[in-house]
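Asker: 3D, please:
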Amino acid sequence: MKDKKIDIEKLLEANSSGIDREIEKLFPRKMSGKWLDFALGKALYKYDAETIHKTISEPLWEFLDRGGKRWRPSLMLLCCEAVGGNTSSIKEFVVFPELIHNSTLVEDDFEDRSELRRGKPCTYKLFGEDIAINLGSMMYMLPFVMLYKNTKKLSAKKRNEIYDMVVQELLRVHIGQATDIGWHRGMKENISEEEYLQMCINKTGCLSRLSCRLGALLGNGSEKQIEALGNFGASIGVAFQIQDDILNLIGEEFAKGKGLGEDIHEGKRTLLVLRVLKKANEADGKRLIEILNAHPEDMETIKEAIGIIKKYGAIEYGKEKAGKIVEKSWKEVDRALKKSGAKETLRAFADYLINRKI
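Answerer: Model prediction:
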């Protein structure tokens, strides 16, 4: 796909503050009894808003205020526009992809025992494991407050469609995470490329698929358009993950936020690793597995593993694979959507995600 010189960075920057405002409308920075009454119903006795603020509001906003590109909600709005919808009437729904995405990060950091996220100590490091686990769970459910309180703008049918769509993708993301956890714990060695790509669709692709499907549904797109854009979103998610795997090994800016070679320390079986295991000689393949299973912390060993991965052209293979996956899914979108500025921006959006440096 050729770049149409659409400035995606500028688009994301323009959308970011509006997305944050919608999140703040849903969930205030300072917890209050009024919000608890609104979201949970009147207390039979009395809510402790102060403690709830310290254990939920404070860590949630500390994490969100670290930044992030907010590209999933921007993708949702773009898909709504691409099917002819009015984005101003659905902007409150951006909380779904953004809060769910951030909940996966909070939990993923704890599960992987990561040290840094966006250049700062992970939430479980700052606030404790118990608070982080509970916060991650709550952030999955928080967007539903907006849905079940939003009874005037949506029909019961559309609310049910949104609910079913979101819950299905939430199930998928947990299945994907479970698969990834099992692999980097060494539960299976002979992982096929097809199994890896399906894991990526579930773990990473489901949230971009949700963004696209939700935007198209709220924009009153046809079933064909919703399906095509959902598949495109899934492919973007997979390509995004592959680029993440690449940047984890060679991205200098990326490393500042998480740490160079963290995937090696965690023992992750990425597409790059699978490619090496398929192409490497016996000694190199065996050594790479030994390193991954040892979960090394010293940079010398991590760089040894990175060297083996580079030796067999896995970085280049990953980049090529990501491009092909997105290009294939775009053909379906191209047939389903009429020509428009939003459609062209979708093309540029995919290119941006798979060629980013951070």
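Asker: number of residues surrounding Cys122?
Answerer: 22 (other CB atoms under 10 Å). (Each C-beta comes from the backbone N, C-alpha and C, glycine too.)
Asker: please identify the helix or strand for the spatially closest residue to it that is not a sequence neighbour.
Answerer: Once flanking residues are discounted, Cys122 sits nearest to Asp109: 3.9 Å by CB to CB, 6 or more residues apart in numbering. Asp109 belongs to helix 95-112 when assigned by DSSP states H and E.
Asker: quick one: low-confidence ranges for the stretch 51-200 of the chain?
Answerer: Scanning the stretch 51-200 of the chain for pLDDT under 70 picks out 150-152.
Asker: would you map the helices across it?
Answerer: Using DSSP state H, counting those that start in this stretch, the helices of the stretch 51-200 of the chain run over 58-64, 71-82, 95-112, 123-127, 129-141, 143-149, 156-184, 193-200.
Asker: can you check the stretch 201-350 of the chain too?
Answerer: 206-218, 223-250, 252-258, 262-266, 271-279, 282-294, 299-311, 314-336, 341-355.
Asker: closest one to Lys91 among those helices?
Answerer: helix 206-218 (9.9 Å; CB to CB).
Asker: and the closest one, what does it pack onto?
Answerer: helix 71-82, helix 95-112, helix 156-184, helix 223-250 (3 or more CB pairs under 8 Å, 6 or more residues apart in numbering; DSSP states H and E).
Asker: now do the first one: which elements does it pack against?
Answerer: Which is helix 71-82. Counting by 3+ CB pairs under 8 Å, 6+ apart, helix 71-82 packs on helix 8-26, helix 95-112, helix 206-218, helix 223-250, helix 341-355.
Asker: helices or strands up against the second one?
Answerer: Applying 3+ CB pairs under 8 Å, 6+ apart, one finds that helix 95-112 makes contact with helix 8-26, helix 58-64, helix 71-82, helix 123-127, helix 129-141, helix 143-149, helix 156-184, helix 206-218.
Asker: quick check: buried residues in the longest one?
Answerer: Neighbour counts using 16 or more other CB atoms under 10 Å place 161-162, 165-166, 169-170, 172-174, 176-177, 179-181, 183-184 of helix 156-184 among the buried residues.
Asker: for these, which one is nearest Gly68?
Answerer: The closest of these, once distances to Gly68 are taken by CB to CB, is Val173, at 17.2 Å.
Asker: can you pull the contacts of the residue nearest to the closest one when sequence neighbours are not counted?
Answerer: Distance criterion CB to CB, 6+ apart; nearest residue to Val173, sequence neighbours excluded, is Cys206 at 5.0 Å. By CB atoms under 8 Å, 6 or more residues apart in numbering, Cys206 lies in contact with Glu169, Arg172, Val173, Gly176, Ala234, Gly237.
Asker: can you check Ile315 too?
Answerer: Contacts of Ile315 (CB under 8 Å, 6+ apart): Ile246, Leu249, Ile250, Leu272, Ile309.
Asker: number of nearby residues for the last one?
Answerer: Look at Ile309: counted by other CB under 10 Å, it has 25 neighbours.
Asker: hang on, isn't it packed against Leu274?
Answerer: No: the criterion here is CB atoms under 8 Å, and Ile309 misses it with Leu274 at 10.6 Å.
Asker: understood, closing this out.
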